[in-house]
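Undergrad: sequence and predicted structure are below.
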Amino acid sequence: MTDQKRTYRMKRRAELEAETRRRITESAVAHHGRLGPARTSISAIADHAGVRRSTVYRHFPADAALLAACSSHWRAANPPPEPGRWRAVEQPDERLRVALEELYEHFRRTERMRENVLRDEEVMPTVKEALEGYHAYLASAVDQLMRGRRIRGHEARRVRAALGHALAFTTWQSLARRQGLDDVQAADLMCRLVACAADA
C-alpha cells in the first residue's frame, strides 16, 4: 500500500469515527430533551444513532464523557444571553429588564431540556457536575445586575436574593406556565419585586 493510500484510509477512518461520535451525541441530546438523562438508556441512544451499545461505550466509556459531549453540543446550538452585553445599559433597573426579557425568551426556547436536566440534577451526580457552569453563569449574571446599585448590608442581601429568584428557571416557569404571563409581563413583575426589595 502506498503512503498516499494509507493516508487517505486513515483520514477516511477518522472522518467516519467523527461522524459516528456526532450521531451518538445528537441521539443523546434528543433523548435528554424528551426524557432527561436519568431516564435515557444507552440502548435507546445506540438504537437512535444506528450503532451498537459497544460503539457508544467505545466513544464514551463513561457517563460523564457522554454527558459532557451532549452538553457542549446543546449549548453551542442554544447559547444563553451574554451578561457582558448588559454592561452597556447603565441604569440598573433598565439593565435588569433587558436581562430578564432576554433570559426568559431563552428559557421559553429551551424549556423542555432545561426542565429535564434540572430535575435530574437531584438524582445524578454527573448531571449536577455538568450544571456547575450553568449555576456559575447565573451567579455571574446576578453580579452584573448588582452593578451600580448603591446599597449595602441587609438591603444588598435582599436585592441579591430577589435577583437570584428572578433569574431562576423555575421562577419563569411558574409565572409563564402556571400563571399565564408572557415573558414581558413576567419580567416586569420581577423588576417590581427587585425594586421593592431595594426600597424595603
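TA: Received it, and whenever you're ready, just let me know what you need. Numbering: from 1, shown residues only.

Undergrad: ok, now which ones touch Ala99?
TA: Shown in contact with Ala99 (CB atoms under 8 Å, 6 or more residues apart in numbering): 81, 83, 86, 141, 144-145, 167. From N, CA and C alone the C-beta is placed, and that goes for glycine too.

Undergrad: which one (most neighbours) among those residues?
TA: Leu145 (26 neighbours; other CB atoms under 10 Å).

Undergrad: contacting residues for that residue?
TA: Per CB under 8 Å, 6+ apart, neighbours of Leu145: 86, 92, 95-96, 99, 163, 167.

Undergrad: do the same with Glu17
TA: His59 are the contacts of Glu17 under CB under 8 Å, 6+ apart.

Undergrad: state the distance from it to Ile24.
TA: Distance from Glu17 to Ile24, counting by CB to CB, to the nearest Å: 11 Å.

Undergrad: C-terminal to the helix or strand containing Glu115, what's the next element?
TA: Using DSSP states H and E, Glu115 sits in helix 111-120. Per DSSP H and E, the first helix or strand lying C-terminal to helix 111-120 is helix 125-130.

Undergrad: residues of that next one that come out buried?
TA: Of the residues in helix 125-130, those buried by neighbour count under the rule 16 or more other CB atoms under 10 Å are 126-127, 130.
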